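Colleague: sharing a model prediction with you, sequence too.
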Amino acid sequence: MSRSAARELPGRPVAFLAHYVRRRPWHFGGMFLLILGASACAVAVQYGMKLLVDAMATDDRQHAEVWFPLGLFIGLIVVENVFWRLGGWLGCHTVVASCVDLRVDLFRHLTGHPMGYFARHFAGALGNRISATGQAAGSIYGGLAWKIMPPCVDFVGAVLVLFTVHTRMALALIVFVMIVAALITAFGIRGRSKHQRFAAQAARVGGELVDVVSNVWTIKAFSARDRESRRLAEEIGLEAHAQRRSWMYLEKARVIHDICLSLMAGGMLVWAIQLWIAGTVTAGDVVMVSALTFRILHGSRDLALALVDTTQQLGAIEDTLRIIVQPHELDDPETQLALSRGDIEFRHVAFAYPDGRRVFEDFQLHIPVGQKVGIVGPSGAGKSTLLSLIQRLDDVQAGSVMIDGQDISEVSQDSLRARMAVVPQETALFNRSIRENIRYGRPDASDDEVTAAAHHAFCDTFIRELPQGYDTQVGERGVMLSGGQRQRLGIARAFLKDAPILILDEATSALDTHSEAEIQAALANLMQGRTVLAVAHRLSTLASFDRVVVLEKGRIVEDGPPEQLRQQGGSFERLWRLQAAGFDAT
């Protein structure tokens, strides 16, 4: 079984929530039992009050048997409070821990999707959905324990107690509450679509906010503040409309509930007083019926609101599961990549993007161990796709990509990428310290190894000039650093990772001429004894490579040593001439 299949999350809200209850059965079981006990004590308190009132309803007050009912009454109150507090303490730990687990699991499942998935969805909306699902799950767990279970226990307890008072009154209560519950439940189910639309639009607005804030420079550069404000106002307006519809639906449910329960409370009290007048029940029975009726009245209001709120939260969770908990397009087997050399081969590979654009058809390429290969070609030729397929960020539709004779689709993705060091065109940094960002290449590296990697990447000098040196926070996506500085940190990561396969995607594109000369010297040392694939913007950086592969429309049109290709007068020589003349044809 693959790891992705083994970690598959349930796709339905109830099954998803139950999945985390099963992880902590004793904790949830203990919490529910304590709350069940507290609710039962609360009902028993009403019976204790009845006994006390009946004991006091005597003319011989000196000999009235009031102390036992009073002791029972007070004892039940104490036990009830102890159960509530213990249940709250256990629930605090259990519910919070479960919500942590489910958010981590959703994140892990999310990161298992291919890169194309993230191109189709707002990053901010995905993050908001995970956070909202944690909050919704906590609300449901808490609502079930403190707002749904107690009223249900109140109802069952009230029915049992009323059977000791008047059988027909107990039966009438059962019928009435069942009718009200059916009405509210049906009403709540019908409104789920409204809650889902609100959750989806709220997530979209969250994604829009993240998108515009992360592109604030572009907004300022194009004087687009008013334009973006209007656009955002439209999206927020749609969210507000969806929220109003969801909210008003809840209010309608509350109106139905209040009318029904008011009729029930009034009817029960009138009935009890008539029975007292007839001498059928005692004054204590009337007090108990009154107390139970009002307890059910208030408890059922909490129950109705909790049920409707739970329906709303389930709608939000269902929206998240629909978007995030999709089956992974890339299978993730357990088998580890046994890489000892670094031989790469594309065998009859075919690949097309979801929109139908075909990139490769029967593509073949062999890169022997330790060879340095440059990949060049015009925009759209398939250079970036080639690097993506080697890392298995996307999967081939036909054929196979082999590393050391192993099909990379049959090994775990983590073991595959652990054998590769990648320096992308734009180095993405986390809002953490410089030391942590470099160490991302190898988390177990020592501080000395981090410093050595930075020295090899020629970034040690500028790092030490910063106010806090290696402990300097780089800001969101590294905004506190220049493009060239970020690129050097990316190269330092590659030095630190020390992987047998090195992938360079425009690794020196953000460097000035002096810096590039230094980095090229460092990269020359880094590339020794490794299999290297490099997509290069500046063709001069490939002069020392063993081989250059020229791509056009997903096909290899030239393949050979760079000096030989320059002398052939083909595509590579034309690209070289254009670049030398100051034109960019790549």
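Modeller: Thanks, I have it.

Colleague: only C-alpha atoms for contact and neighbour calcs from this point on.
Modeller: Noted.

Colleague: alpha carbons of stretch 169-177, as CSV, please.
Modeller: What follows is stretch 169-177, C-alpha atoms only, in CSV (Å, rounded to 0.1, in the frame of the first residue of the first chain):
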residue,chain,number,x,y,z
MET,A,169,-47.9,13.9,30.6
ALA,A,170,-44.7,12.0,30.0
LEU,A,171,-46.0,10.5,26.7
ALA,A,172,-47.2,14.0,25.6
LEU,A,173,-43.8,15.4,26.3
ILE,A,174,-42.2,12.7,24.2
VAL,A,175,-44.5,13.3,21.2
PHE,A,176,-44.1,17.1,21.4
VAL,A,177,-40.3,17.1,21.6
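
Colleague: now it: average pLDDT?
Modeller: Along stretch 169-177, the predicted confidence averages to a pLDDT of 78.

Colleague: quick one, strands of the stretch 251-400 of the chain?
Modeller: When secondary structure is read from DSSP state E, counting those that start in this stretch, the stretch 251-400 of the chain shows strands at 344-352, 358-367, 372-376, 398-403.

Colleague: may I see those arranged in CSV, with mean neighbour count and distance to Gly75 as well?
Modeller: CSV is the format used below for these (neighbours: other C-alpha atoms under 10 Å; distance: least, C-alpha to C-alpha, whole Å):
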stretch, mean neighbour count, distance to Gly75
strand 344-352, 19, 73
strand 358-367, 17, 77
strand 372-376, 25, 82
strand 398-403, 20, 73
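
Colleague: can I get those in a markdown table with distance to Trp576 and mean pLDDT?
Modeller: Shown next, in a markdown table, are the strands of the stretch 251-400 of the chain (distance: least, C-alpha to C-alpha, whole Å; pLDDT from 0 to 100):
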| stretch | distance to Trp576 | mean pLDDT |
| --- | --- | --- |
| strand 344-352 | 27 | 91 |
| strand 358-367 | 23 | 90 |
| strand 372-376 | 11 | 91 |
| strand 398-403 | 30 | 90 |
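
Colleague: now render the ones you listed as TSV, adding distance to Arg574.
Modeller: Conversion of those to TSV gives the following (distance: least, C-alpha to C-alpha, whole Å):
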stretch	distance to Arg574
strand 344-352	27
strand 358-367	23
strand 372-376	12
strand 398-403	30
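
Colleague: tell me how far the closest residue to Gln413 other than its chain neighbours lies from Gly405.
Modeller: In space, Gln413 comes closest to Asp332 once its chain neighbours are excluded; the distance is 6.1 Å by C-alpha to C-alpha, 6 or more residues apart in numbering. From Asp332 across to Gly405, the span is 18 Å (C-alpha to C-alpha, to the nearest Å).

Colleague: go on, Gln135?
Modeller: Counting by C-alpha to C-alpha, the gap from Gln135 to Gly405 is 47 Å.

Colleague: neighbour-wise, which of these two wins?
Modeller: Shown here are Gln135 and Gly405; by other C-alpha atoms under 10 Å, Gln135 has more neighbours (17 against 13).

Colleague: secondary structure element for the more buried one?
Modeller: Take DSSP states H and E as the rule and Gln135 turns out to sit in helix 123-143.

Colleague: sorry, back to before: now for the strands of the stretch 251-400 of the chain, which one comes closest to Ile317?
Modeller: For the strands of the stretch 251-400 of the chain, distance to Ile317 was read as C-alpha to C-alpha. The smallest value, 32.9 Å, belongs to strand 344-352.

Colleague: now the angle from that closest one to strand 358-367?
Modeller: Going by axes from the mean of the first three to the mean of the last three C-alpha atoms, to 10 degrees, strand 344-352 is angled at 180 degrees with respect to strand 358-367.

Colleague: so how far is strand 344-352 off the chain centroid?
Modeller: 33 Å (C-alpha atoms, centre = their mean, to the nearest Å).

Colleague: what's that strand in contact with?
Modeller: Contacting residues not belonging to strand 344-352 are listed as 358-369, 395-404 [C-alpha atoms under 8 Å, 6 or more residues apart in numbering].

Colleague: sorry, back to before: which of the strands of the stretch 251-400 of the chain sits closest to Pro25?
Modeller: strand 398-403 (44.5 Å).

Colleague: sheet-wise, list the partners of that closest one with their directions.
Modeller: Looking at strand 398-403 with DSSP bridges, its paired strands and their directions are strand 344-352 (antiparallel), strand 406-407 (antiparallel).

Colleague: relative to Val308, which of the ones you listed is closest?
Modeller: Using C-alpha to C-alpha, the nearest of the strands paired with strand 398-403 to Val308 is strand 344-352, at 45.8 Å.

Colleague: check contacts around the residue nearest the centre of the chain.
Modeller: Here the mean C-alpha position of the chain is nearest to the C-alpha of Ile130 (C-alpha atoms, centre = their mean), at a distance of 3.3 Å. Contact partners of Ile130, counting by C-alpha under 8 Å, 6+ apart, are 103, 106-107, 320.
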